[in-house]
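Engineer: Return a 3D structure for these sequence lines:
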Amino acid sequence: MKIAVLGSTGRTGRLVIARAVERGHDVIALARRPEQIEAPAAGNLRVVRADVTQPGSVEAAVEGADVVVSALGVTRKQDPALLTEGARQVVSAGPRVV
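Structural biologist: You can find the predicted model right below:
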């Protein structure tokens with residue numbers, strides 16, 4: 001199964017990626033700053049730059065995914081609307097990936 005993970009640099013995202021890779025799934029790790037992803041190098045892991053505040057970047061990144069997992073979170077300094085925008089981006093990718 002091909003799993004796309006939003007919020008790959010956060011605590012939850014890192015755990016989702018690690019478990020999915022361990023279980024042999026193909027994983028697309030999405031992050032605004034991919035260099036901050038802490039994940040073991042694996043042939044079934046692809047890291048992609050995507051930002052829910054950039055229209056179309058998430059849709060392009062999840063192309064071909066069977067499942068999209070949102071591990072998005074916000075810090076105290078961030079606007080909680082970021083979570084809503086993440087959901088909108090995933091839904092705009094079409095029902096086949098939700």
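
Engineer: Which parts of this protein are helices?
Structural biologist: With DSSP state H, the ranges of helices along the chain come out as 11-22, 57-61, 81-92.

Engineer: What average pLDDT does the second one get?
Structural biologist: With pLDDT averaged residue by residue, helix 57-61 scores 85.

Engineer: name the helices or strands packed onto it?
Structural biologist: Identification of packing neighbours for helix 57-61 by 3 or more Cβ pairs under 8 Å, 6 or more residues apart in numbering; DSSP states H and E yields strand 26-31, strand 45-49, helix 81-92. The C-beta positions use only the backbone N, C-alpha and C, and glycine is treated the same way.

Engineer: What residues sit buried inside it?
Structural biologist: 57, 58, 59, 61 (16 or more other Cβ atoms under 10 Å).

Engineer: Where among the helices and strands packed on helix 57-61 is average confidence lowest?
Structural biologist: Among the helices and strands packed on helix 57-61, helix 81-92 carries the lowest mean pLDDT (a mean of 66).

Engineer: Quick one: residues contacting residue 11.
Structural biologist: residue 73 (Cβ atoms under 8 Å, 6 or more residues apart in numbering).

Engineer: any idea how far it is from residue 72?
Structural biologist: Counting by Cβ to Cβ, to the nearest Å, the gap from residue 11 to residue 72 is 12 Å.

Engineer: Would you tell me which one of the buried residues of helix 57-61 comes nearest to residue 4?
Structural biologist: Of all those, residue 61 has the smallest distance to residue 4: 6.7 Å, by Cβ to Cβ.

Engineer: need the contact list for the residue nearest to that closest one when sequence neighbours are not counted.
Structural biologist: Nearest residue to residue 61, sequence neighbours excluded (Cβ to Cβ, 6 or more residues apart in numbering): residue 50, at 4.0 Å. Contacts for residue 50 (Cβ under 8 Å, 6+ apart) come out as 6, 30, 31, 32, 57, 58, 60, 61.
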